[in-house]
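Peer 1: Build me a model from this:
(chains A, B, C and D)
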4 protein chains.
Amino acid sequence: MHIGLIGLGKMGFNMRERLRGQGIDVVGFDRNPGLTDVADLQELVAALPAPRIVWVMVPAGEITHGVVKDLSEALSAGDMVIDGGNSKFTDDQIHATLLAQKGIRFLDCGVSGGVWGLENGYGLMAGGSQEDVELAMPIFDALRPDGDRAESFVHVGDVGAGHYAKMVHNGIEYGLMQSYAEGYELLEAKDIVKDVHGTFAAWQKGTVVRSWLLDLLVKALQEDPGLSKIAGFVEDSGEGRWTVEEAIANSVPAPAITAALFARFTSRQEDSPSMKMVSALRNQFGGHAVKPAQPKVE
Amino acid sequence: MHIGLIGLGKMGFNMRERLRGQGIDVVGFDRNPGLTDVADLQELVAALPAPRIVWVMVPAGEITHGVVKDLSEALSAGDMVIDGGNSKFTDDQIHATLLAQKGIRFLDCGVSGGVWGLENGYGLMAGGSQEDVELAMPIFDALRPDGDRAESFVHVGDVGAGHYAKMVHNGIEYGLMQSYAEGYELLEAKDIVKDVHGTFAAWQKGTVVRSWLLDLLVKALQEDPGLSKIAGFVEDSGEGRWTVEEAIANSVPAPAITAALFARFTSRQEDSPSMKMVSALRNQFGGHAVKPAQPKVE
Amino acid sequence: MHIGLIGLGKMGFNMRERLRGQGIDVVGFDRNPGLTDVADLQELVAALPAPRIVWVMVPAGEITHGVVKDLSEALSAGDMVIDGGNSKFTDDQIHATLLAQKGIRFLDCGVSGGVWGLENGYGLMAGGSQEDVELAMPIFDALRPDGDRAESFVHVGDVGAGHYAKMVHNGIEYGLMQSYAEGYELLEAKDIVKDVHGTFAAWQKGTVVRSWLLDLLVKALQEDPGLSKIAGFVEDSGEGRWTVEEAIANSVPAPAITAALFARFTSRQEDSPSMKMVSALRNQFGGHAVKPAQPKVE
Amino acid sequence: MHIGLIGLGKMGFNMRERLRGQGIDVVGFDRNPGLTDVADLQELVAALPAPRIVWVMVPAGEITHGVVKDLSEALSAGDMVIDGGNSKFTDDQIHATLLAQKGIRFLDCGVSGGVWGLENGYGLMAGGSQEDVELAMPIFDALRPDGDRAESFVHVGDVGAGHYAKMVHNGIEYGLMQSYAEGYELLEAKDIVKDVHGTFAAWQKGTVVRSWLLDLLVKALQEDPGLSKIAGFVEDSGEGRWTVEEAIANSVPAPAITAALFARFTSRQEDSPSMKMVSALRNQFGGHAVKPAQPKVE
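Peer 2: Below is the predicted model:
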């Protein structure tokens, strides 16, 4: 099999490596001249045998939209685009419709595994038609870990369903990380607990909470005991927000995942407007002392 | 009526004023020589006609416990102690039992109203026997606002019930303040909203969210537009914690009140251990950049 | 002043009454022939002096959109439409743009006060230009309670800002109600508390938690002691969801308001899929007994 | 090595099996005559070589307290008691002090692994002195999985620290299960998702959320597709409550774990008093319809 891969960043670069290692020919395209195999999209398309398959692995939103639009012009009927990025599931139907006008096939595929996927293989969640999924199966089989396909690949449902499942996956991930992190803070806070790192390490085998994230947590504490080098400042990249938006849209209570999302928001605030107000109110009714705002350091 | 009042702090001082203004004779005792009417407890007891009534208005916990113990020795059978402080309801039965050994009566009374109680009168929640409540009624009537007694005084139930009701009152207060505060932050965050202060002011009459706390919020914004002088750092004094503990003990879901309590905890953290861990985990699996910890300024 | 009012439901009907009582001439239009003053929109427009002002008070979404569209065709340059319904703030700019193409003015106005507004007056939050707000001021003054205008009316900001403020108002309302409700459940759960109704009643004067909602809570307990006639099933009408969506969009932590929204979602579930899963997991790892699903009663 | 084991329930029975399989002689005692090896405690003590080691594996609280008291009378100086049950960490110091009066050693040990521990081995968290931990190490090595000791055993800290770590472990477990469960409900709610079971199955390898709990979740869905046989009713056995109590006591925000705890409380309510109140309030201010309470079926 011989496919195109657009986007050779942290994820795409590793995926090109893994695909090639599994015997798939890959022509990669990236705006970074040090990474790309071809000069432009036209060259990429020309290099591929028809019907062409192009895997898109670029940032969600405007950039993915632009690439899909370019591909809708560069590709031909019977070719296929697979969006493996973290697109919002609502974008998928738009892209599928745009490409279908030219007879181009479309699959969306959620990809999990982070920087470890090169070595371990990636967990894959696809959305689209059964026929299109089967055409792309050799790629999925190359990307996923060895062993039973059902343990690392799923055809979730219609167009968008792959990214929907990946979104929920990431929402769960928020909740899992927050849960471990709250436990970490509780252990750190207790005087009778002398070996926090050792406690997490000892949970790796035999306990109910063992997981890959726990293994990474142990590794993180080993590399930076007490996490002294890292600030409690956490970005979010969209899927957590979308998960809570979908919880709202579908009337699904999601308090743990939402708690994880809000904790990230709070972690990025230098000072909290809402807590300023609570402090002001306590002062108003009870005469409770307030802490004065710090002068901004320039 | 002629009663003793122990504790002339922010609350007790005002209560002495209000009681006297309503025709109750009050002998106040405080360790602060500038505030006290008598030199010591013995002098206070000697000044009161039997059967004596002593209202205790000192910090909850050890200090209240000490005062009640001293009173159990200084008072006589038929006298009465009323704990008007913010004691935990579980302390009340202990105090009632201690006093009962000497035939001394006990009432617990939750008092709300803050620094405004002097002028407005206080909301009162009493726990104890019907007979004891009736004996103390002239005091309750003097402390509470004018008008219908049922709108500002309640005999909640057995010993401890007054403080239990006050604890729940304060738990609700946490939730109310947090709700207004979240709304404040949402209004402040939105570019099309030009007049945040005016918006809260306009909610004072006619809207569903009008309340005394809202009036104070408007006052706070008037005194310090944008709350620029105040840090988002909020203490808590116990009742919020006890409310959530009781929620747990009684299997009552209390997510809004608990959210308010946790927001206060977070507001007091310079850096969050749990969010350091979430950041470390994101870095481990996804190679996401972390924000380095700030060096401590000495 | 002589205006049109479209929508004579629970809110609109009362507003027509109040406006007329305050000396504003009102031509009302409703699809319900028993309520309407005119047969159709054309008749309404014909009845009004130019420049015309038409207040729209119909359900948000499709229905409001249809009415605005009809008005964009029926009205003339210089006329004004005021949307007083619970429209999402993002609809306002769409409507303003549509009407502006014909030179028709637009204001959005959040209205609070519920069924009590007829008697008490309504709290009002307007969005739009200063000039348009001033033109409509006699209407606002007639609808709002007597007294200082700043305590019941605000020009919040640009088009959409009025509905944005009303949305936040309702989000706060969710949090306030949830807080009182959690306190109610805590009081009901405690054996030493004998008089739950009396406790809430006694909070009406003097306490920190006194509010209009508290007065209604006391009234509700009076009409239905123990709330025995009412199920714990709570609808939501949109503003709460939008508030949380805006919290997400603006990275504002809103845990208390969100807790209130999720509690409503949960209240409407006959059985919770997520709790089925938690039960299944406990059974898997610990052999803990599960409660079997009830057969559906037909 | 030759030890005693008191309590042969779901956990203790399996542990006796595993210990024997690993070459440890075990005399088991249980009130159930079909399970016990000896008739009473005296017989158990008589059967053991001195210094004796007795592992206690009975329900936390009164029952554990009674067993420890009996052992304080039956054992001799130099013997050791290990509490492997789910005792609250605050009980451990009480038990250690009681036993120390007779010169009896005490260790607390949190044990995780559920019904799978017999086969997989158990994760172990011990609290007590270094000397006592070393004496008991052959037992720990027999109970834990093969491989590196640090991945399944930890000496957490002083007396109580083992159970504290187990408590936090279970608190985390609450959060993890709730997170997966919320994701499950979101996938079930979405029409474009056709294969929920397959999606979870495909997360088992390669994804960030892979874990032992996920494997059990897949197994649960395989055994009962759609979880149709199970009600959304979830018990809790104490550790989750204690975790949140400790969060409060140590001012640690724990919103995700607390959300999981409250979701369990809610799952067990036939009707929610707090949501009855919210519904009553909506009816009061807005005239919104309420759902009438269902008559109780006898």
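Peer 1: Over to the closest residue to chain B within the stretch 1-150 of chain A: give its phi and psi.
Peer 2: When distances are taken as C-beta to the nearest C-beta, the stretch 1-150 of chain A reaches nearest to chain B at A:Gly114, 4.1 Å away. C-betas here are computed from N, CA, C, even on glycine. Main-chain torsions, A:Gly114, degrees, to the nearest 10: phi 60, psi -150.
Peer 1: A:Arg31 now?
Peer 2: Torsion angles, degrees, to the nearest 10, at A:Arg31: phi -70, psi -20.
Peer 1: swap in the one 4 residues further on?
Peer 2: According to degrees, to the nearest 10, the main-chain angles of A:Leu35 amount to phi -110, psi -30.
Peer 1: Help me confirm that it comes into contact with A:Asn14.
Peer 2: No - under the criterion of C-beta atoms under 8 Å, A:Leu35 makes no contact with A:Asn14, lying 11.8 Å away.
Peer 1: more neighbours, the two?
Peer 2: More crowded of A:Leu35 and A:Asn14, by other C-beta atoms under 10 Å in any protein chain shown: A:Asn14, with 20 against 15.
Peer 1: Pull the contacting residues for that one.
Peer 2: A:Val115, A:Gly117, A:Leu118 (C-beta atoms under 8 Å, 6 or more residues apart in numbering or on different chains).
Peer 1: And these, which is closest to A:Gly198?
Peer 2: A:Val115 (26.3 Å; C-beta to C-beta).
Peer 1: burial count for the nearest residue to A:His2 once chain neighbours are set aside?
Peer 2: Distance criterion C-beta to C-beta, 6 or more residues apart in numbering or on different chains; nearest residue to A:His2, sequence neighbours excluded, is A:Asp25 at 4.0 Å. A:Asp25: 13 surrounding residues under other C-beta under 10 Å.
Peer 1: tell me the contacts of A:Asp25?
Peer 2: Shown in contact with A:Asp25 (C-beta under 8 Å, 6+ apart): A:Met1, A:His2, A:Ile3.
Peer 1: ditto for A:Ser251
Peer 2: Applying C-beta under 8 Å, 6+ apart to A:Ser251 gives the contacts C:Phe265, C:Arg268, D:Ala189.
Peer 1: Check what pLDDT it gets.
Peer 2: pLDDT for A:Ser251: 98.
Peer 1: what are the bridge partners for the residue in the stretch 1-150 of chain A that chain D sits nearest to, then?
Peer 2: Going by C-beta to the nearest C-beta, chain D is nearest to A:Gly123 of the stretch 1-150 of chain A, at 3.3 Å. Legend: beta-bridge partners of A:Gly123 under DSSP bridges are A:Ser112.
Peer 1: isn't it right next to A:Ser152, touching?
Peer 2: Yes - at 5.3 Å, A:Gly123 counts as touching A:Ser152 under the criterion of C-beta under 8 Å.
Peer 1: Overlap of the contact sets of the two?
Peer 2: A:Arg144, D:Ala202, D:Lys205, D:Gly206, D:Thr207.
Peer 1: Flag the least confident of those residues.
Peer 2: D:Gly206 (91).
Peer 1: Leaving out chain neighbours, which residue sits closest to that residue?
Peer 2: A:Gly123 (3.6 Å).
Peer 1: now for the lowest-mean-pLDDT helix or strand in chain A, which elements pack on it?
Peer 2: Using mean pLDDT, DSSP states H and E, helix A:117-120 stands out as the lowest-scoring helix or strand of chain A, at a mean of 92. The contact analysis (3 or more C-beta pairs under 8 Å, 6 or more residues apart in numbering or on different chains; DSSP states H and E) places helix A:117-120 against helix A:10-21.
Peer 1: neighbours around the residue nearest to D:Gly206, how many?
Peer 2: As a burial measure, A:Gly123 scores 29 neighbours (other C-beta under 10 Å).
Peer 1: Equivalent analysis for A:Gln42, please.
Peer 2: Neighbours around A:Gln42, by other C-beta under 10 Å: 11.
Peer 1: Restrict the helix or strand harbouring it to CA atoms and write it as PDB.
Peer 2: Using DSSP states H and E, A:Gln42 sits within helix A:41-47. Output of helix A:41-47 as PDB, limited to C-alpha atoms (Å, rounded to 0.1, in the frame of the first residue of the first chain):
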ATOM      1  CA  LEU A  41       0.300  19.000  -2.400                       C
ATOM      2  CA  GLN A  42       0.400  18.600  -6.200                       C
ATOM      3  CA  GLU A  43       3.600  16.600  -5.900                       C
ATOM      4  CA  LEU A  44       2.100  14.500  -3.200                       C
ATOM      5  CA  VAL A  45      -1.000  13.700  -5.300                       C
ATOM      6  CA  ALA A  46       1.200  12.900  -8.300                       C
ATOM      7  CA  ALA A  47       3.300  10.500  -6.300                       C
END
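Peer 1: Next secondary structure after that helix?
Peer 2: strand A:53-56.
Peer 1: Other residues contacting that next one?
Peer 2: A:1, A:3-7, A:15, A:44-45, A:48, A:64, A:67-68, A:71, A:75, A:79-85, A:135-136, A:139.
Peer 1: mind checking how far the top helix by length along chain A is from the chain centre?
Peer 2: Identified as the longest helix of chain A according to DSSP state H is helix A:161-189. Here the centre of helix A:161-189 is set off from its chain's centre by 12 Å, with C-alpha atoms, centre = their mean, to the nearest Å.
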